[in-house]
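K.L.:
Provide a 3D model corresponding to the input given below.
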Amino acid sequence: MFELICDVLHENARNGILPAHIGEIAPTPQMSLSDLGLDSLGKLTVLSELCGRLGIPQIDLDLHERISLDDFGRMLSDATVEYGGATLGGAAIGGATPGAAAPVMEEALQ
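P.N.:
Numbers count the residues shown, from 1 in each chain. Purely as a prediction, here's the structure:
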């Protein structure tokens, strides 16, 4: 899940949705979204993009807290299990049931 978070951060920076400097950072699992310099809107953008890719509804996370990217990934995995979200390349994310209603998200593996 950490790799997917990094992909979303870098892709959105390249596309001009997030600040350009995000694309030059190599995040670590211990960093938070705040450590990366994201404001509230940037944090919500990342959360929305990730929920969309995972095929889950927008989850309610207090992104103002300094949760690590690793913990953020665990929360997303838990939500994927709870809501029966997407699978990546046929492998369930966070233990989600393969073949759940959400589509397979091949591009998230890249």
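
K.L.:
run a quick neighbour tally on residue 27.
P.N.:
18 (other CB atoms under 10 Å). To be clear about C-beta, it is placed using only N, CA and C from the backbone, and glycine gets the same treatment.

K.L.:
just so I have it, where are all the helices in this structure?
P.N.:
2-14, 40-54, 69-83 (DSSP state H).

K.L.:
quick check: which ranges of this structure have low pLDDT?
P.N.:
64, 85-110 (pLDDT under 70).

K.L.:
and if we set it to 80?
P.N.:
In the predicted model of the chain, residues 60-65, 84-110 satisfy pLDDT under 80.

K.L.:
report the buried residues of stretch 71-81.
P.N.:
For stretch 71-81, the neighbour count (16 or more other CB atoms under 10 Å) marks 72, 73, 76, 77, 79, 80, 81 as buried.

K.L.:
am I right that the first one is in contact with residue 4?
P.N.:
Meaning residue 72. No - using CB atoms under 8 Å, residue 72 and residue 4 do not qualify as a contacting pair, with a distance of 10.7 Å.

K.L.:
excluding its backbone neighbours, what's nearest residue 66?
P.N.:
If you skip the residues right next to it in sequence, residue 66 has residue 32 as its closest partner in space, 4.4 Å away by CB to CB, 6 or more residues apart in numbering.

K.L.:
so the one you found bridges to which residues?
P.N.:
The bridge-partner assignment for residue 32, based on DSSP bridges, gives residue 68.

K.L.:
thinking again about what came up before, reformat the helices of the chain as JSON lines; add distance to residue 22.
P.N.:
Listed next are the helices of the chain as JSON lines, based on distance: least, CB to CB, whole Å:
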{"stretch": "helix 2-14", "distance to residue 22": "4"}
{"stretch": "helix 40-54", "distance to residue 22": "8"}
{"stretch": "helix 69-83", "distance to residue 22": "12"}
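
K.L.:
got a list of what residue 14 touches?
P.N.:
For residue 14, the contacting residues are residue 23, by CB atoms under 8 Å, 6 or more residues apart in numbering.
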